[in-house]
Structure formats: C-alpha cells, structure tokens
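Engineer: Mind folding the following:
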Amino acid sequence: MSYMNNVQLYEMSKKKPTVKRGKYRVIVHNDNHNTFDHVIDSLMDVCGHVYLQSVQCALIVHEAKRCAVYTDTYEECYQVHTELRKLGITVTVEKC
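Structural biologist: Residues are numbered from 1 along each chain as shown. A predicted model of the protein is given here:
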C-alpha cells in the first residue's frame with residue numbers, strides 16, 4: 001500500500017475543480033428584433049416548456065425586460081444558452 005507524502009497532498013489541495021458546481025439559470029433578455037411567436041416556439045423547442053409556460057415567460061420578458069427560463073447545472077445551462085443564441089434569442093447564464 002502506498003501513501004502520499006505531504007508534497008503530493010499539498011499539490012492536490014491546490015488544484016481547483018474545473019467543473020462549475022451549483023445551480024445556474026438561463027436568462028432571456030428583451031430585445032427589439034424577436035417576435036413573441038419566435039420566443040415562444042424557441043422556449044418550447046429548446047427548454048421543453050409547454051405552450052402556456054412559454055407564453056408566460058415571453059410576457060415576463062416583455063414587461064420586466066428579463067426572465068429566468070431554465071435552471072440546472074452550468075453545463076446544461078450553457079447548452080441551452082448556446083441553442084437559444086443560435087435561434088437569435090438574447091440570453092445569459094447566471095449563478096443562482
């Protein structure tokens with residue numbers, strides 16, 4: 001059986017994890033170039049929202065200028081962010 005010496009333990013403790021842990025959320029921001037229908041369809045396709053949920057999010061974005069539409073790990077949120085950006089939706093990822 002091998003044991004690690006103090007130098008090895010110290011080096012391991014200095015390493016930062018590369019995975020961002022915790023909850024993150026995807027925020028859709030209001031803009032002047034996307035229609036309600038496009039935002040609604042995009043949220044249903046990418047986020048898995050039902051129609052009513054997508055309509056509510058679109059209305060919140062319109063009135064409050066932003067709305068959290070998806071919450072999960074950083075990796076999952078980044079994938080949703082990327083897909084929505086490809087569709088022309090203005091989005092960001094934030095830590096909860």
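
Engineer: ok, then the element right after the helix or strand in which Glu83 is found?
Structural biologist: Assigned by DSSP states H and E, Glu83 falls within helix 74-86. Counting by DSSP H and E, the element after helix 74-86 in chain order, helix or strand, is strand 91-95.

Engineer: contact partners of that following strand?
Structural biologist: Residues outside strand 91-95 that contact it (C-beta atoms under 8 Å, 6 or more residues apart in numbering) are 22-29, 74, 77-78, 81, 84-85. (Each C-beta comes from the backbone N, C-alpha and C, glycine too.)

Engineer: Identify the residue nearest Gln53 in space, chain neighbours excluded?
Structural biologist: Spatially, and ignoring its direct neighbours in sequence, Gln53 is nearest to Leu43 (7.5 Å; C-beta to C-beta, 6 or more residues apart in numbering).

Engineer: Flag every buried residue along stretch 46-66.
Structural biologist: By neighbour count with 16 or more other C-beta atoms under 10 Å, stretch 46-66 contains the buried residues 46-47, 49, 54-55, 57-58, 60-61.

Engineer: neighbouring contacts of that stretch?
Structural biologist: So stretch 46-66 is contacted by 26-30, 36, 39-41, 43-44, 67, 69-70, 80, 83-84, 87 (C-beta under 8 Å, 6+ apart).

Engineer: Now intersect those with the helices, please.
Structural biologist: 36, 39-41, 80, 83-84 (DSSP state H).

Engineer: Any chance of JSON lines for the buried residues of stretch 46-66, columns distance to Glu94?
Structural biologist: Output for the buried residues of stretch 46-66, formatted as JSON lines (distance: C-beta to C-beta, whole Å):
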{"residue": "Val46", "distance to Glu94": "17"}
{"residue": "Cys47", "distance to Glu94": "16"}
{"residue": "His49", "distance to Glu94": "19"}
{"residue": "Ser54", "distance to Glu94": "20"}
{"residue": "Val55", "distance to Glu94": "23"}
{"residue": "Cys57", "distance to Glu94": "16"}
{"residue": "Ala58", "distance to Glu94": "19"}
{"residue": "Ile60", "distance to Glu94": "16"}
{"residue": "Val61", "distance to Glu94": "15"}
